[in-house]
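Q: following is a predicted model, sequence given first.
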Amino acid sequence: MSVQEQIEAKLIAALSPDILEVENESHLHAGHAGSPNSGESHFKIALKAESLSALPRLERYRKVHAILAEELAGPVHALSISFR
């Protein structure tokens with residue numbers, strides 16, 4: 001399973017989102033310092049989930065980061081999240 005598929009599966013299982021878009025942007029960062037050049041290190045997420053709607057913005061980020069802790073500790077170098 002690719003890193004993108006892992007991210008999608010974990011967010012779907014944990015949040016049952018109404019909107020989930022996960023975009024692999026690793027190709028845009030190839031060769032820069034800190035990039036592992038794995039092709040699966042930089043991701044952009046657009047997310048809307050009812051379970052997050054009542055939370056303050058910072059708590060939304062914390063929750064998503066907690067769900068993706070394993071990926072953020074390993075293959076994911078950068079993660080951009082926008083809430084809709």
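A: Received it, and whenever you're ready, just let me know what you need.
Q: quick one, helices of the chain?
A: Using DSSP state H, the helices of the chain run over 3-15, 50-53, 57-67, 69-73.
Q: buried residues in the second one, which are they?
A: Within helix 50-53, the residues that qualify as buried by neighbour count (16 or more other Cβ atoms under 10 Å) are residue 52. Heads up, the C-betas are built off the backbone N, CA and C, glycines and all.
Q: can you list contacts of it?
A: By Cβ atoms under 8 Å, 6 or more residues apart in numbering, the residues outside helix 50-53 that reach it are 15, 16, 18, 60, 63, 83.
Q: let's see the pLDDT reported for the residue nearest to residue 40 when sequence neighbours are not counted.
A: Residue nearest to residue 40 in three dimensions, not counting chain neighbours: residue 3, with 4.0 Å by Cβ to Cβ, 6 or more residues apart in numbering. pLDDT for residue 3: 95.
Q: rewinding a little: go through the helices of the chain and name the closest to residue 42.
A: Of all the helices of the chain, helix 3-15 sits nearest to residue 42, with 10.2 Å by Cβ to Cβ.
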